[in-house]
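Novice: Below are the sequence and a predicted model; questions follow.
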Amino acid sequence: MKLEEQLRRSIRQKGHAFNTEKAYVQKYRQFVQFAKVKYGEYRHPGELDQSDLQEFLTHLAADRNVAADTQRVALSALKFLYTEVLELDFGILDFAPAQKPRKLPVVMTFRETLDTLMKFSGVYRLQSELMYGCGLRISESLRLRTKDLDFEARTIQINDTKGEKNRLLMMPRRLQSSLQEHLKTIRVYYDRDREKDVPGVWMPTALEKKAPAWGKEWGWFWVFPAHKLSMDPRAQVIRHHHVGREPYAKRLAEVKRQMGFAKAIVPHTWRHSFATHMLMQGCDLRTLQRLMGHASIKTTEIYLHVIETMSQNLISPLDRLDQFANEETIGDNREGETKCHERTNEVS
């Protein structure tokens, strides 16, 4: 078995998300190519040493100018390859960290948010309101299962997230009826699958082995299923998958053009706007960190820089230039009048 296939199999056995698999395999290929260029021929990763790993990670920062997050993904991928697949000592690496500064998130104002939401309808509107109302990544909204929606407790359970951190979120009241009506609509897809005995939906690796029948239960069905069945790239079976992100991203791009936005509005902008608007309403950082699922509060703190700029209490001197100039002129006139009176008193 080729090393790349071993890597894929090990990632799946550990229950990592498909996006993690794609990212790790991509970084593995880049590392192999880097070593091939360095030595002029293919070298098996097991034959390489720490200096090669360090040079590759430094190359990403120094030559390719990648962001710190990208370099961290590469480090995680290599660590997984060496410890889990090759079963070699990874050790402590000394490499140049990426210095590319992190960009401030693009955020919509309350008015822009409302106007943008009004441009959507149907499923796209529901997806938009979920991302903004709960601070979800687009991948988290698309991976929702029907069991994740608790209408009685008014909560939404987010599973299989980035960093594998599950969290429980509030369900916006205005979404309850829309979600309930939506579930009635997609029930048609589920019933059709059961009538035709279609393989169950994808399940996390551990559950796929422990309870394979659960994939055919209503509770595990996707909240946003695709219209057609498709091939599962891992299991190599035709089943129902959730809808991809491309249709929504395309619709959002159309809305952006219609509204004449110069801002770089993307699906993740809903999440950024949620975080910023929560802070502007008085939400504390620790609570927001939990709602966002951030591992470090430093990630959450970046939104403080945004609200400092958006705060209505901050006024540019340009907006009050006339006022300041007038006050300055009045002050000069008063000073002149005072000196004049002083000279008059001296003569008297």
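Specialist: Happy to help now that I have it.
Novice: what ranges do the strands span in this structure?
Specialist: Under the criterion DSSP state E, the chain contains strands at 149-150, 155-158, 167-170, 230-231, 238-239.
Novice: So which of these has the densest surroundings on average?
Specialist: Comparing these by mean neighbour count (mean count of other CB atoms under 10 Å), strand 155-158 ranks first with a mean of 18. Bear in mind the C-beta positions are built from the backbone N, C-alpha and C, glycine included.
Novice: Quantify the burial of the residue nearest to Ser141 when sequence neighbours are not counted by counting its neighbouring residues.
Specialist: The shortest distance from Ser141 to any residue other than its chain neighbours is 4.9 Å, reached at Leu130 (CB to CB, 6 or more residues apart in numbering). Neighbour count of Leu130, defined by other CB atoms under 10 Å: 26.
Novice: Could you measure from Leu130 over to Met259?
Specialist: The spacing between Leu130 and Met259, counted by CB to CB, to the nearest Å, is 20 Å.
Novice: Out of the strands of the chain, the one nearest Asp94 is which?
Specialist: Using CB to CB as the measure, strand 167-170 is the one of the strands of the chain that comes nearest Asp94, at 35.1 Å.
Novice: who does the closest one pair up with?
Specialist: The pairing partners recorded for strand 167-170 under DSSP bridges are strand 155-158 (antiparallel).
Novice: Helices of the stretch 1-150 of the chain, residue ranges please.
Specialist: If DSSP state H, counting those that start in this stretch is used as the criterion, the helices of the stretch 1-150 of the chain fall at 3-13, 18-39, 50-62, 68-80, 110-117, 122-134, 138-142.
Novice: Quick one: low-confidence residue ranges for the stretch 101-250 of the chain.
Specialist: Residues of the stretch 101-250 of the chain meeting the criterion pLDDT under 70: 101-102, 160-164, 205-206.
Novice: 90 instead, please
Specialist: 101-105, 159-166, 203-213, 232-236 (pLDDT under 90).
Novice: Now do Tyr132 against Gly15, distance only.
Specialist: Tyr132 sits 30 Å away from Gly15 when distances are taken as CB to CB.
Novice: per the record, what domains does the chain have?
Specialist: As recorded under automatic domain parsing, the domains making up the chain are 3-85, 110-306.
Novice: Save those domains as a markdown table, and put in distance to Phe95 too.
Specialist: Converted to a markdown table, these look like this (distance: least, CB to CB, whole Å):
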| stretch | distance to Phe95 |
| --- | --- |
| domain 3-85 | 4 |
| domain 110-306 | 21 |
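Novice: Now for Phe110, how many residues are close by?
Specialist: For Phe110, using other CB under 10 Å, the count is 12.
Novice: Same question for Glu21.
Specialist: Neighbour count for Glu21, taken as other CB under 10 Å: 19.
Novice: wait, it sits on Ile11?
Specialist: Yes. Assessed by CB atoms under 8 Å, Glu21 is found in contact with Ile11 at 4.7 Å.
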